[in-house]
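Chemist: the amino acid sequence is not available; the structure is as follows:
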């Protein structure tokens with residue numbers, strides 16, 4: 001059995017987690033849940049002896065203290081780690097990757113039995129023993145990583161995010177394989193982001209929050225816990241459902257009374273009348289009186305000359321000399337109408353340039369053309385007569 005007590009880890013001044021207590025028995029799956037950055041992967045590395053930070057506390061495997069030992073010595077004690085990202089050798093075949101897991105001394109005597117157990121748990125690996133690992137899918141490579149860890153004949157199998165990068169279908173197949181691994185008698189310490197599927201196959205679970213174990217319970221209880229469901233399961237857990245409200249308790253709002261169409265029109269007209277300006281009468285105006293018959297038109301009066309402007313002392317009503325203004329305007333109009341004389345002579349206007357004449361075009365002599373046409377016709381007729389004479393002879 002793996003037993004952890006008061007385990008703490010830090011990177012310099014940054015505390016990853018503190019005072020963690022957990023246990024894993026043979027033949028059970030224990031899952032560690034927590035948000036990103038809560039320290040779940042650091043916890044697995046601390047247990048397996050590969051944490052680069054400062055680790056303190058106690059880690060016992062079957063009663064033997066293993067904290068502070070080297071990673072290969074911890075594997076000899078029965079703890080095997082499947083790291084995040086699988087960590088397989090891509091250029092080697094499936095069988096070569098599996099055989100590398102049996103390198104330690106505790107696994108050499110059980111090498112054949114361990115290989116048979118792995119191939120029985122993962123039938124796909126048995127079919128592809130000679131296939132290069134880099135040509136396999138992500139789910140198949142994850143099976144190779146788990147099988148290689150099982151080849152070390154461990155007691156506890158630690159897995160760090162095994163479903164990372166896998167499709168939902170491959171993740172479901174992987175978790176079913178982990179259930180088969182548990183039936184073989186191995187204990188599994190699982191760190192997984194897919195909380196719902198991991199709790200579905202787990203026996204117990206721990207909640208790691210703010211560097212401390214916040215809660216520990218069975219997987220079924222954690223799966224049905226509303227707080228866990230809200231934090232890690234997307235609020236879709238099997239929490240207690242709210243009681244449905246009885247139909248009688250529901251208050252029914254009475255329908256709003258509807259007014260007749262005539263009342264609605266009256267209210268609309270009243271609002272329209274209120275929006276009129278204050279000068280308009282509140283009531284409708286009386287009907288217009290009939291227009292009187294038009295009277296006979298009188299003869300038009302002759303137009304009289306406009307009365308002269310009032311003049312006071314030679315000026316207008318506004319103190320302006322009207323006669324002087326009229327004389328000035330008349331002189332300006334005369335100057336615009338007639339050009340002013342210079343040195344007693346009127347300015348001469350230059351004559352307009354002559355317009356260009358179009359060149360004369362000589363028409364062809366139609367008489368010569370007619371004679372030429374007559375001569376051509378005469379030649380044609382002579383040729384026809386000669387041809388007719390030759391034909392008869």
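Modeler: Noted; the coordinates are in hand. None of the values given here were measured: they were computed from a predicted structure.
Chemist: residue 79: neighbour count?
Modeler: By other C-beta atoms under 10 Å, the residues close to residue 79 number 26. Where you see a C-beta, it was placed from the backbone N, CA and C, and this is true even at glycine.
Chemist: quick check: closest non-adjacent residue to it.
Modeler: Excluding the flanking residues, the one nearest residue 79 by C-beta to C-beta, 6 or more residues apart in numbering is residue 156, at 4.8 Å.
Chemist: looking at it, that neighbour is touching residue 24, isn't it?
Modeler: Yes. Residue 156 lies in contact with residue 24 (C-beta atoms under 8 Å); the separation is 5.7 Å.
Chemist: quickly list what's touching both of these two.
Modeler: Residues touching both residue 156 and residue 24 by C-beta atoms under 8 Å, 6 or more residues apart in numbering: 2, 187-189.
Chemist: dump those to a markdown table, plus distance to residue 231, pLDDT and neighbour count.
Modeler: Below are the shared contacts of residue 156 and residue 24 laid out as a markdown table (distance: C-beta to C-beta, whole Å; pLDDT from 0 to 100; neighbours: other C-beta atoms under 10 Å):
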| residue | distance to residue 231 | pLDDT | neighbour count |
| --- | --- | --- | --- |
| 2 | 26 | 92 | 23 |
| 187 | 26 | 92 | 24 |
| 188 | 23 | 93 | 24 |
| 189 | 21 | 93 | 26 |
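Chemist: from those, pick the one nearest residue 171.
Modeler: Nearest to residue 171, judged by C-beta to C-beta, of the shared contacts of residue 156 and residue 24 is residue 188 at 15.7 Å.
Chemist: for the residue nearest to residue 191 when sequence neighbours are not counted, phi and psi?
Modeler: Excluding the flanking residues, the one nearest residue 191 by C-beta to C-beta, 6+ apart is residue 40, at 4.4 Å. Per-residue torsions, residue 40: phi -70, psi -50 (degrees, to the nearest 10).
Chemist: neighbours of residue 40, just the number please.
Modeler: When neighbours are defined as other C-beta under 10 Å, residue 40 has 24 of them.
Chemist: retrieve the pLDDT associated with it.
Modeler: Looking at residue 40, its pLDDT stands at 89.
Chemist: quick one: contacts for it?
Modeler: So residue 40 contacts 32, 34, 160, 191, 208 (C-beta under 8 Å, 6+ apart).
Chemist: okay, the residue nearest to residue 79: pLDDT?
Modeler: 93.
Chemist: distance of it from residue 187?
Modeler: Distance of residue 156 to residue 187, given as C-beta to C-beta, to the nearest Å: 5 Å.
Chemist: residue 230 now?
Modeler: In terms of C-beta to C-beta, residue 230 sits 30 Å off from residue 187.
Chemist: for the stretch 151-300 of the chain, which spans come out with low pLDDT?
Modeler: Scanning the stretch 151-300 of the chain for pLDDT under 70 picks out the ranges 234-300.
Chemist: quick revisit: identify the farthest-apart pair in the contacts of residue 40.
Modeler: 160 and 208 (13.5 Å).
Chemist: and the strands in the stretch 1-150 of the chain?
Modeler: Applying DSSP state E, counting those that start in this stretch to the stretch 1-150 of the chain gives strands spanning 2-11, 14-24, 29-33, 54-61, 64-65, 79-82.
Chemist: export those strands as CSV, with columns for distance to residue 102.
Modeler: Formatted as CSV, these follow (distance: least, C-beta to C-beta, whole Å):
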stretch, distance to residue 102
strand 2-11, 22
strand 14-24, 23
strand 29-33, 24
strand 54-61, 20
strand 64-65, 22
strand 79-82, 11
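Chemist: of these, which is nearest residue 389?
Modeler: Ranking those by proximity to residue 389 (C-beta to C-beta) places strand 79-82 first, at 124.6 Å.
Chemist: so in that sheet, which strands flank the closest one, and in what orientation?
Modeler: Applying DSSP bridges to the sheet, strand 79-82 is found paired with strand 156-160 (parallel).
Chemist: how big is the angle separating the partner strand from strand 54-61?
Modeler: 140 degrees (axes from the mean of the first three to the mean of the last three C-alpha atoms, to 10 degrees).
Chemist: tell me the first helix or strand C-terminal of strand 156-160.
Modeler: Stepping forward along the backbone from strand 156-160, the first helix or strand reached (DSSP states H and E) is helix 168-183.
Chemist: the residue nearest to residue 79 and residue 391, how far apart?
Modeler: To residue 391, residue 156 is 130 Å away according to C-beta to C-beta.
Chemist: show me which of those two is the more surrounded one.
Modeler: Shown here are residue 156 and residue 391; by other C-beta under 10 Å, residue 156 has more neighbours (23 against 7).
Chemist: ok, now which ones touch the more buried one?
Modeler: 2, 24, 26, 61, 78-80, 186-189.
Chemist: same check, this time on residue 118
Modeler: Contacts were defined as C-beta under 8 Å, 6+ apart; by that measure residue 118 touches 98, 125, 147, 150-151.
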